[in-house]
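[1] Sharing a model prediction with you, sequence too.
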Amino acid sequence: GRVNAGLYGGTAEASKSRENDWLFAMTFNDGGSLIQTGRLEWVGGNLGAGATVNLEYSTNNGTGWSTITNGVAATNEAYTWVPAFAHAAVLWRVVNATNAACTSTNAKPFSVRPATNTAFSFYVNDGNTANDVYCTAVGAASNLGVASNAPKASLMGILTNYSLRGGDVVYVDTGTYAGQTVVIGGFDSGRAGSPVRILGSSNGVVLDRMSAATVLDISGASHLEIENLALTGGSAGLYGSGASDITLRNVQFRDNQTGVSLAGAAVRHVFERCLAANNSSHAFLSSSTAVRSNQWLNGVMWNSPTIIHAATNQALTVSNSILGQAGTALFGNQAVAGNYNVVWGLPPTNGVGGGFAKFTALQSSTLGWDRCAYADPLFANAAGGDYHLKSEAGRYNPGTGLPDLVDGEHSPAIDLGDPAADVTGIEPDPNGGRLNAGLYGGTAQASLSRTNAWLQLLTYMDGAPLSATDGAWVRWDGGQYETNATVRILLSRDS
């Protein structure tokens, strides 16, 4: 008594209908969220005159069921549900009141949020609990991922099954997750003041694409906070077209073709203590003039042919960071704004790029860079992945958790950061009262400062010519001065 959908509905070739009673749950088959009020819809057939149905929900993946309401006319085919509880993974079903075997359950769990600010926690783990921080069991695709003892096996397992909203947190535990592009889009975004957070374990989370595809795609997403991930083995560690208001902390983009690739109107990304290293093309790439107002703070961009390729000089600002070991140039197109950085390892000819022949010329531009140093940052072991700064006073020892490794040389990045930053009680003493540049400035793993007076030349450290006719600024930095200390400026003509 009802037409079939599809090509042959209403024709002699239509498939035959069932003769027994049947029901089909129509809503929330794709998961998602029920926020405050939801409409449950169903269809059925052969139920008999005056048939009624019962509606039920489950919060344990169908093991047990609770009543939503009973005795609804089957022909209503809809019911407005106003749940009085919150749960991240709910199923609902419709049951023939006179034949419990005639039932239908929606296909995927959905979240019930009685208020717009209701938030949930989700859990991901690999097949091993060694060094785990968040989970007490291994991950499995069949788990709901809403409890630490039943995590999903992949981040995409959460993103595929649930629609994340502002305030939600996904905890990704220690391990390597390989062979998959993780996609976070507009339907898994937060809102101003209430981001969606993806938190990796402090013991290390690696997303390894293992192919020429993107590792993490955030195109169209907004208001995300992503922490403690290593994105590797892809065409781009991070790709975002039209993404906005994204904060990334302690994220590594390494051993990809491009570390970070932003396109479209990608705006207001903040990269805090991030590393883009050993990428075969670019550390940071912006391919559109609409990419603007992004910041790279206390990070490292290292060992790529081009460090920054920007379509406009408004794409990015870089501060308190270390950049270099460039095979081709610091800038592949437009130079961007920056200050309180250490730069090193540029090719001797046109190694700066962006219209600047030498780094000293960039320091005299309108883009800032005047309080930057061109000097070897003296990493502990960049080739081995250790970007702590060498220090004659002591640097962080992962074996003891103390700054008790003493070096025979002292990094110029120590105490080179923005003087306005307060490091009291954050960087270990002695900290010179000033932020270190690089990944560990402003943290408990910052290398120790000298306690004696010191000076660091900033300009003309790259062999640039100084015009005696035109004149030029000569700049330096220093610390631990005595009261009313002065300096002498000398010129040598014979090296």
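    Arrived safely, thanks for sending.

[2] So Gly185 sits against Ala221, correct?
    Yes: using Cβ atoms under 8 Å, Gly185 makes contact with Ala221 at a distance of 5.5 Å. Where C-beta positions appear, they are placed from N, C-alpha and C, glycine not excepted.

[3] So which of these two has more stuff around it?
    Ala221 (24 against 15; other Cβ atoms under 10 Å).

[4] burial count for the nearest residue to Arg209 once chain neighbours are set aside?
    Of all residues beyond its chain neighbours, the one nearest Arg209 is Gly234 (3.4 Å), with distances taken as Cβ to Cβ, 6 or more residues apart in numbering. Residues within reach of Gly234, counting by other Cβ under 10 Å, total 26.

[5] Make 48 the first number, not 1, from now on.
    Happy to do that; since the first residue is 48 now, the last one works out to Gly281.

[6] So Gly281 versus Asn397, what's the distance?
    Noted for Gly281: a distance of 30 Å to Asn397, by Cβ to Cβ, to the nearest Å.

[7] got the buried residues for the helix of greatest length in the chain?
    Identified as the longest helix of the chain according to DSSP state H is helix 202-208. If you call a residue buried by 16 or more other Cβ atoms under 10 Å, then helix 202-208 has these buried ones: Leu202, Met203, Gly204, Ile205, Leu206, Asn208.

[8] Quick one: mean pLDDT over it.
    The average pLDDT for helix 202-208 rounds to 95.

[9] wait, what's in contact with Ser333?
    For Ser333, the contact set (Cβ atoms under 8 Å, 6 or more residues apart in numbering) comprises Ser308, Leu309, Ala310, Ala313, Asn341, His356, Ala357, Ala358, Thr359, Ala362, Leu363.

[10] now that we have those residues, which one has the most neighbours?
    Busiest of the contacts of Ser333 [other Cβ under 10 Å] is Leu309, holding 31 neighbours.

[11] isn't it right up against His329?
    No: Leu309 is not in contact with His329 according to Cβ under 8 Å; the separation is 11.0 Å.

[12] out of the buried residues of helix 202-208, who's nearest Phe71?
    Set against Phe71, the nearest of the buried residues of helix 202-208 by Cβ to Cβ is Asn208 (20.8 Å).

[13] and the closest one, what does it touch?
    Contacts for Asn208 (Cβ under 8 Å, 6+ apart) come out as Gly78, Lys155, Pro156, Gly192, Lys199.

[14] try 6 Å
    Gly78, Lys155 (Cβ atoms under 6 Å, 6 or more residues apart in numbering).

[15] Likewise for Asn143?
    Asp68, Cys149.

[16] how does it look with 7 Å?
    Asp68, Leu70, Leu94, Ala98, Val100, Cys149, Thr150 (Cβ atoms under 7 Å, 6 or more residues apart in numbering).

[17] Repeat that for Ser158.
    Applying Cβ under 7 Å, 6+ apart, we find Ser158 in contact with Ser80, Ala135, Val137, Phe167, Tyr209.

[18] at 8 Å what do you get?
    Gly79, Ser80, Leu81, His134, Ala135, Ala136, Val137, Phe167, Tyr209, Ser210, Arg212.

[19] mind giving me JSON lines with those residues and columns for secondary structure, neighbour count and distance to Leu276?
    Listed next are the contacts of Ser158 as JSON lines, based on DSSP: H, G, I helix; E, B strand; the rest coil; neighbours: other Cβ atoms under 10 Å; distance: Cβ to Cβ, whole Å:
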{"residue": "Gly79", "secondary structure": "coil", "neighbour count": "17", "distance to Leu276": "26"}
{"residue": "Ser80", "secondary structure": "strand", "neighbour count": "20", "distance to Leu276": "25"}
{"residue": "Leu81", "secondary structure": "strand", "neighbour count": "22", "distance to Leu276": "30"}
{"residue": "His134", "secondary structure": "strand", "neighbour count": "20", "distance to Leu276": "28"}
{"residue": "Ala135", "secondary structure": "strand", "neighbour count": "23", "distance to Leu276": "22"}
{"residue": "Ala136", "secondary structure": "strand", "neighbour count": "24", "distance to Leu276": "24"}
{"residue": "Val137", "secondary structure": "strand", "neighbour count": "23", "distance to Leu276": "29"}
{"residue": "Phe167", "secondary structure": "coil", "neighbour count": "20", "distance to Leu276": "20"}
{"residue": "Tyr209", "secondary structure": "coil", "neighbour count": "27", "distance to Leu276": "19"}
{"residue": "Ser210", "secondary structure": "coil", "neighbour count": "16", "distance to Leu276": "21"}
{"residue": "Arg212", "secondary structure": "coil", "neighbour count": "22", "distance to Leu276": "21"}
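
[20] rewinding a little: widest-spaced pair of the contacts of Asn143?
    Of all pairs in these, the most separated under Cβ to Cβ is Ala98 and Thr150 at 13.3 Å.

[21] residue contacts, the residue nearest to Arg256?
    With contact set as Cβ under 8 Å, 6+ apart, Gly281 has these partners: Thr228, Arg256, Ser258, Ala259, Ala260, Thr261, Val262, Asn303, Gln304.

[22] now, among the residues you listed, which is nearest to Gly385?
    Closest to Gly385, out of all of these and judged by Cβ to Cβ, is Asn303, at 22.7 Å.

[23] Verify the stated contact: the closest one with Ser327.
    Yes: using Cβ under 8 Å, Asn303 is in contact with Ser327, at 7.4 Å.

[24] Of those two, which one has the most company?
    Higher neighbour count among Asn303 and Ser327: Asn303, with 29 against 14, using other Cβ under 10 Å.

[25] Make sure Trp416 is actually in contact with Asn388.
    Yes: counting by Cβ under 8 Å, Asn388 is a contact partner of Trp416 at 7.2 Å.

[26] now the contacts of Gly281: which count as buried?
    Among the contacts of Gly281, those classed as buried by 16+ other Cβ under 10 Å are Thr228, Arg256, Thr261, Val262, Asn303, Gln304.

[27] can I get those residues in JSON lines with distance to Ala162?
    JSON lines is the format used below for these (distance: Cβ to Cβ, whole Å):
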{"residue": "Thr228", "distance to Ala162": "33"}
{"residue": "Arg256", "distance to Ala162": "38"}
{"residue": "Thr261", "distance to Ala162": "35"}
{"residue": "Val262", "distance to Ala162": "35"}
{"residue": "Asn303", "distance to Ala162": "40"}
{"residue": "Gln304", "distance to Ala162": "44"}
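
[28] Which members of these occur in helices, if any?
    Per DSSP H, the subset of those in helices is empty.

[29] could the residues you listed go into CSV alongside distance to Leu322 and pLDDT?
    Converted to CSV, those look like this (distance: Cβ to Cβ, whole Å; pLDDT from 0 to 100):
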residue, distance to Leu322, pLDDT
Thr228, 21, 98
Arg256, 17, 97
Thr261, 18, 98
Val262, 14, 98
Asn303, 12, 98
Gln304, 16, 98
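
[30] Quick check: Gln83 vs Arg212, distance?
    For Gln83 relative to Arg212 (Cβ to Cβ), the value is 13 Å.

[31] any residues in contact with both of these two?
    Common neighbours of Gln83 and Arg212 (Cβ under 8 Å, 6+ apart) are Arg160.

[32] For the stretch 348-497 of the chain, which segments count as strands?
    With strands called from DSSP state E, counting those that start in this stretch, the stretch 348-497 of the chain shows them at 353-357, 363-366, 369-371, 376-378, 384-386, 389-391, 420-421, 426-428, 433-436, 442-444, 449-452.

[33] among those, which is nearest Ser241?
    Taking Cβ to Cβ, strand 363-366 is the member of those nearest to Ser241, at 25.7 Å.

[34] so what strands line up beside that closest one?
    Its sheet considered, strand 363-366 pairs with strand 341-344 (parallel), strand 384-386 (parallel) by DSSP bridges.

[35] can you list the ones you listed in TSV and add mean pLDDT?
    Output for these, formatted as TSV (pLDDT from 0 to 100):
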stretch	mean pLDDT
strand 341-344	98
strand 384-386	97
